[in-house]
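Participant: I'll drop the sequence and a predicted model, then ask my questions.
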Number of protein chains: 2
Amino acid sequence: MARHKEFERDEALQKAMEVFWARGYEATSMQNLVEHMGINRQSLYDTFGDKHSLYLEALDRYQEVESRRLFELLEKPGSVKKALRKLFTNVIEGAFEGQRRGCLMNNAMSELAGRCKATAEKTRHNMTAVEEAFHRALLRGIKEGELKDLRDPRAVARFLYNSFQGLVLTAKATQDRKTLEDVVKVTLSVLD
Amino acid sequence: MARHKEFERDEALQKAMEVFWARGYEATSMQNLVEHMGINRQSLYDTFGDKHSLYLEALDRYQEVESRRLFELLEKPGSVKKALRKLFTNVIEGAFEGQRRGCLMNNAMSELAGRCKATAEKTRHNMTAVEEAFHRALLRGIKEGELKDLRDPRAVARFLYNSFQGLVLTAKATQDRKTLEDVVKVTLSVLD
DNA sequence: ACTATTCTTGACTAATCGTTCCAGAAAGAG
DNA sequence: CTCTTTCTGGAACGATTAGTCAAGAATAGT
């Protein structure tokens, strides 16, 4: 047969994801991708197809990697409330790191979901996954007696998802810690 | 002297705003703008400078027009809760109109605020204005006896802003009315 | 070693990007 | 009318865009 690839597909995809994450879809050029991914232009096209296909694959990878992180945090034994607070606090901390790239799914939703069906599909899938994770966490908190018996845990899970995405966005515009902490405070007060 | 402009500056700016609103900054080309604004390419540059300056002016115009609309809705005599519900419901309805362009400030925050100081500044200004409007509405509701004595109206106002922006975003990804209504239901339950 | 396949490389499309230039048409002031 | 200014339209700018081509280097199986 023939020779093997000289790069790891997953590593290259990871790099591509980071570029899209930081710059968005339109503002990212193939030249940017070639440079950051560290692979050749032709290899890029051979391996991932065109820019749009690569973007969609990057969304998939983000979904796998970042969702798993979220699931682990929420499913770890211990206080559900503390886990949720940790999650929201992480977003606040993100506002003070240099990049302020937000969340790739959030960005995709804003930039492309309105005019690209595939993107809308993937962000919707992400939404249900996150909502589901919140829902499971809430049910666990109730079962373990930490949370009061919420009237509608499904609605609260959706509410948490919404506030979470809102916070990611708000943290792009303001660096005022008090503002962001106020949001988290009131959001989580729904659980009391 | 010389001849007058053959177009209304404000009308042209309005058109430009609509294009940026629907397509975002990067995805909008000067060609798009020329076509939709209905003015000549050169006139565009003479009147508004370059693309970026035009975008910033479009943000200003959005701020003026849409904020006034928001203020009027919230300051109109009558139930504050109903006004808030109306505001959030409007966002839900927006999810079922063809365009799904969201909110220009929201889009700007997501696409540019992370890497453009001027945009960050303008979106931050918008945030404080909206937060302020929510705050005034809450105080009015309390004074008029409609709302209970919230512990921290400032924090609740920020929370409402955050949920509002979150909803605008969420409505880009999902068309499931129940999901969006669940979010509004729990969000507004904070006032009970 | 030979051959078949595939990877890598950099030059190369054609189109589009934001922006500018220029010539001429239009219109107010004298 | 003339003069002066401004608006208009199209052509053009160089840079960059996404994507392709062709040729050589590398490595597998035989």
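Facilitator: Arrived safely, thanks for sending.

Participant: ok, is stretch A:176-192 in contact with chain B or not?
Facilitator: Yes: using CB under 8 Å from any CB of the partner chain, stretch A:176-192 comes into contact with chain B via A:179, A:182-183, A:185-187, A:189-190. Every C-beta, even on glycine, is put in place using the N, C-alpha and C of the backbone.

Participant: for the most centrally placed residue in chain A, which non-adjacent residue is closest in space?
Facilitator: Closest residue to the average C-alpha location of chain A: residue A:103 at 4.4 Å, with CA atoms, centre = their mean. Nearest-residue entry for residue A:103: residue A:168, 4.8 Å, with adjacent residues in sequence omitted and distances by CB to CB, 6 or more residues apart in numbering or on different chains.

Participant: what residues are up against the one you found?
Facilitator: A:91, A:94, A:102-103, A:106 (CB atoms under 8 Å, 6 or more residues apart in numbering or on different chains).

Participant: pLDDT value on it, please?
Facilitator: According to the prediction, residue A:168 has pLDDT 96.

Participant: tell me which helix or strand comes right after the helix or strand harbouring it.
Facilitator: In this assignment (DSSP states H and E), residue A:168 forms part of helix A:153-173. Counting by DSSP H and E, the next helix or strand C-terminal to helix A:153-173 is helix A:177-189.

Participant: would you map the helices across chain A?
Facilitator: Counting by DSSP state H, residue ranges of the helices within chain A are A:9-23, A:30-37, A:41-48, A:51-75, A:80-94, A:104-111, A:117-143, A:153-173, A:177-189.

Participant: neighbouring contacts of the last one?
Facilitator: Under the criterion CB under 8 Å, 6+ apart, residues A:81, A:84-85, A:88-89, A:91-92, A:95-96, A:160, A:163, A:166-167, A:170-171, A:174, B:131, B:152, B:154-156, B:158-159, B:161-163, B:190 lie in contact with helix A:177-189.

Participant: and it, how far out from the chain middle?
Facilitator: 20 Å (CA atoms, centre = their mean, to the nearest Å).

Participant: point out where chain A drops to low pLDDT.
Facilitator: A:1-7 (pLDDT under 70).

Participant: and the residue of it that's closest to chain B?
Facilitator: residue A:166 (2.8 Å; CB to the nearest CB).

Participant: burial count for that residue?
Facilitator: Residues within reach of residue A:166, counting by other CB atoms under 10 Å in any protein chain shown, total 28.

Participant: how about it: what's its closest non-neighbour residue?
Facilitator: The nearest residue in space to residue A:166 (CB to CB, 6+ apart) is residue B:166, at 2.8 Å.

Participant: with residue A:96 instead?
Facilitator: residue A:175 (6.5 Å).

Participant: give me the phi and psi angles of the one you found.
Facilitator: Main-chain torsions, residue A:175, degrees, to the nearest 10: phi -110, psi 20.

Participant: hang on, the earlier thing: which residues touch the residue nearest to the centre of chain A?
Facilitator: Per CB under 8 Å, 6+ apart, neighbours of residue A:103: A:66, A:165, A:168.

Participant: same deal with residue A:48?
Facilitator: Applying CB under 8 Å, 6+ apart, the residues contacting residue A:48 are A:12-13, A:16, A:54, A:57.

Participant: gap between it and DNA strand C?
Facilitator: 12 Å (CB to the nearest atom of the strand, to the nearest Å).

Participant: now do residue A:170
Facilitator: Where DNA strand C is concerned, residue A:170 sits at a distance of 28 Å (CB to the nearest atom of the strand).

Participant: next one: residue A:95
Facilitator: From residue A:95 over to DNA strand C (counting by CB to the nearest atom of the strand), the distance is 29 Å.

Participant: that residue - nearest residue in space that isn't next to it in sequence?
Facilitator: In this structure, residue A:95 finds its nearest non-sequential neighbour in residue A:171, 3.8 Å apart by CB to CB, 6+ apart.

Participant: so the one you found is in contact with residue A:93, correct?
Facilitator: No: look at residue A:171 against residue A:93 with CB atoms under 8 Å: they stay out of range, at 9.1 Å.

Participant: ok, these two, which is more surrounded?
Facilitator: Taking other CB under 10 Å, residue A:171 and residue A:93 do not tie; residue A:171 has more neighbours (27 against 11).

Participant: can you lay out the helices of chain A as CSV showing distance to residue B:122?
Facilitator: Listed next are those as CSV, based on distance: least, CB to CB, whole Å:
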stretch, distance to residue B:122
helix A:9-23, 20
helix A:30-37, 26
helix A:41-48, 36
helix A:51-75, 28
helix A:80-94, 21
helix A:104-111, 16
helix A:117-143, 26
helix A:153-173, 9
helix A:177-189, 17
